[in-house]
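J.: One predicted model, sequence on top.
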Amino acid sequence: MFNFKSTTFKMVATTQQYLEPVLSKELESIGAKDIETYNRAVSFSGDLSVMYSANIQLRTALKILVPITSFHIRSEHDLYKKIKEMAWEEVLDVDGTLAISVVLNSKLFNHSQFLAQKTKDAIVDRFREKFGRRPSVDLTEPHLSVMLHIVNDEVKVSLDSSGISLHRRGYKKEQTIAPINEVTAAGMILLSGWDGKSTFIDPMCGSGTLVIEAALIASQISPGLFRSYFGCKHWPSFNKESWQQAIEKAKQLVIEPACKLIGSDKTFKAIEIARQNAVRAGVDEFVVFSNKRFEEVKPPASSEGTVMINPPYGERLPIEEISIFYKQMGDKLKQDFQGYAAWIISSNAEAMKRVGLAASTKLNLFNGPLLCKFHKFELYKGSKRAPKQV
Ligand SMILES: C[S@@+](CC[C@H](N)C(=O)[O-])C[C@H]1O[C@@H](n2cnc3c(N)ncnc32)[C@H](O)[C@@H]1O
């Protein structure tokens, strides 16, 4: 069905909208070739070791897909027939487990769940007819995850080498309300251009995602190093030696971070959770967490760096109330964070106006389903009078 022994093959790394350029750069750094950027995806080519490194090292990829075929269909029955013709026994053991996902954008069909069911039926019927047994379905850690992209009458079939989304690094067993996803957090830090050497502060850190991702970046720890499950490790083509080499390559990158990494939150429970998450991510010795309100936070003396905030967006609060909170946040930044680059992500454009600083950069970014703006404010040293927002 697919020859993984061929030296190079095409892959697609999926990501969130607006993180495609950052992901392209990451792909360059792991030696991927023929990099092309699309909407929420970057295609590239490489060999098995590039596929393994992509899964282990990339911070802003959600899935590493291997496209295997594409065809046209007019009905659900066509889909069943085409899928059943494929040699699934080459990529999945009869006693293995399976998951199907369908992304649908078509006038011909409207139920992605039904199409996923048809695909699963076609695969298991093929196995039953050949072996008298069939693989079972496992949506948590499947041995083979099959991804279908259906646009009008065209079906693109890919094998998902990650199996489950790479944002699930494995360090967040517990989270607070409104946590940011690990891929978004890493994307924010890479977009900010933080150098990994100067101080990094998140004074509303919740479960600690931003500061933990910053610690991973500063210490060059690959996010895949503490995740054990990857779909491709269960494929018949899995090359243990090549995987081990990719792991070793990632381990050799690790350095001792030279910067200060500081997280705080007004909620005691959040700080407890953030500390445990940092332990699981192996960065607890580099991050200092404390339970305090932003109003009490002071950066280390004569330091420069980045302060990054994912504040409450106040969607359910009266605008007056959340506006006061955003004004206080802006006042605090002007007062105490001179010399810092301040980055704030928020979906609340009205409240953001009350920060009272002129953004030097404003980027679009999704936080879950919410379209946000990610603002940069340069807090120059020596003047407490920050420019007014116009
Ligand atoms: C949207 S959540 C941040 C989520 C975080 N990025 C994560 O990944 O879990 C906002 C956080 O701001 C905290 N917060 C709100 N007001 C605060 C204040 N005045 N000082 C410190 N923390 C505050 C809340 O406790 C909450 O944890």
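T.: Structure received.
J.: The ligand contacts on the stretch 251-390 of the chain?
T.: Residues of the stretch 251-390 of the chain that fall close to the ligand, judged by Cβ under 6 Å from any ligand atom: 265-267, 270, 293-294, 310-312. Bear in mind the C-beta positions are built from the backbone N, C-alpha and C, glycine included.
J.: so which pair among those residues is furthest apart in space?
T.: Among these, the pair separated by the greatest distance (Cβ to Cβ) is R293 and N310, at 15.9 Å.
J.: Just give me the neighbour total for M86.
T.: Per other Cβ atoms under 10 Å, the neighbour tally for M86 reads 19.
J.: what does E154 give?
T.: Neighbour count of E154, defined by other Cβ under 10 Å: 12.
J.: That one contacts S70, correct?
T.: Yes - using Cβ atoms under 8 Å, E154 is in contact with S70, at 6.2 Å.
J.: sorry, back to before: of R293 and N310, give the one with the bigger neighbour count.
T.: Set R293 next to N310 and count neighbours by other Cβ under 10 Å: N310 wins out with 24 against 13.
J.: ends of stretch 203-210, how far apart?
T.: Taking Cα to Cα, to the nearest Å, stretch 203-210 runs 10 Å from one end to the other.
J.: same question, stretch 193-208
T.: Using Cα to Cα, the end-to-end distance of stretch 193-208 comes out at 20 Å.
J.: Tell me the secondary structure at the nearest residue to T15 once chain neighbours are set aside.
T.: Distances taken as Cβ to Cβ, 6 or more residues apart in numbering put L23 closest to T15, at 4.7 Å, once the chain neighbours are dropped. Under DSSP: H, G, I helix; E, B strand; the rest coil, L23 falls in the helix class.
J.: Touching, L23 and Q17? I think so.
T.: No - using Cβ under 8 Å as the test, L23 is too far from Q17 to be in contact (11.2 Å).
J.: Could you turn the buried ones of the residues of the stretch 251-390 of the chain next to the ligand into a ChimeraX selection?
T.: The buried residues among these can be selected in ChimeraX (16 or more other Cβ atoms under 10 Å) with this line:
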select :265,267,270,294,310,311,312
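J.: The residue of the stretch 151-300 of the chain found nearest the ligand: how many residues sit nearby?
T.: In the stretch 151-300 of the chain, no residue comes nearer to the ligand than G206, which is 2.7 Å away by Cβ to the nearest ligand atom. When neighbours are defined as other Cβ under 10 Å, G206 has 24 of them.
J.: Next: L190.
T.: Using other Cβ under 10 Å, L190 has 19 neighbouring residues.
J.: and it, what helix or strand is that in?
T.: Applying DSSP states H and E as the criterion places L190 in helix 182-192.
J.: Are that helix and the ligand in contact anywhere?
T.: No - contact between helix 182-192 and the ligand is absent, the nearest approach being 6.5 Å (criterion: Cβ under 6 Å from any ligand atom).
J.: Who are the packing partners of that helix?
T.: Applying 3 or more Cβ pairs under 8 Å, 6 or more residues apart in numbering; DSSP states H and E, one finds that helix 182-192 makes contact with helix 20-29, helix 209-218, strand 305-309, strand 340-346, strand 361-367, strand 370-378.
J.: about what we covered before: now the residue of the stretch 151-300 of the chain closest to the ligand. Nearest residue, chain neighbours left out?
T.: Setting aside the residues directly before and after it, G206 is nearest to T176 in space (Cβ to Cβ, 6+ apart), at 4.4 Å.
J.: SS state for that neighbour?
T.: coil.
J.: Tell me who's in contact with it.
T.: Going by Cβ atoms under 8 Å, 6 or more residues apart in numbering, T176 touches 206-207, 265, 267, 269-270, 273.
J.: Just those: which are in helices?
T.: Cross-referencing the contacts of T176 against helices under DSSP state H gives 269-270, 273.
J.: List just the nearest of these to L139.
T.: The closest of the ones in helices among the contacts of T176 to L139 turns out to be I273 (Cβ to Cβ; 25.8 Å).
J.: doesn't Y171 make contact with the closest one?
T.: No - I273 is not in contact with Y171 according to Cβ under 8 Å; the separation is 11.1 Å.
J.: Show me where the stretch 1-150 of the chain has its strands.
T.: For the stretch 1-150 of the chain, the strands defined by DSSP state E, counting those that start in this stretch cover 9-14, 33-38, 41-46, 63-72, 97-105, 136-137, 144-151.
J.: Using neighbour counts, pick out the buried residues of the last one.
T.: What that stands for is strand 144-151. 144-150.
J.: Sheet partners, orientation included, of it?
T.: If you go by DSSP bridges, strand 144-151 pairs up with strand 97-105 (parallel), strand 154-160 (antiparallel).
J.: most packed of the ones you listed?
T.: strand 154-160 (a mean of 21; mean count of other Cβ atoms under 10 Å).
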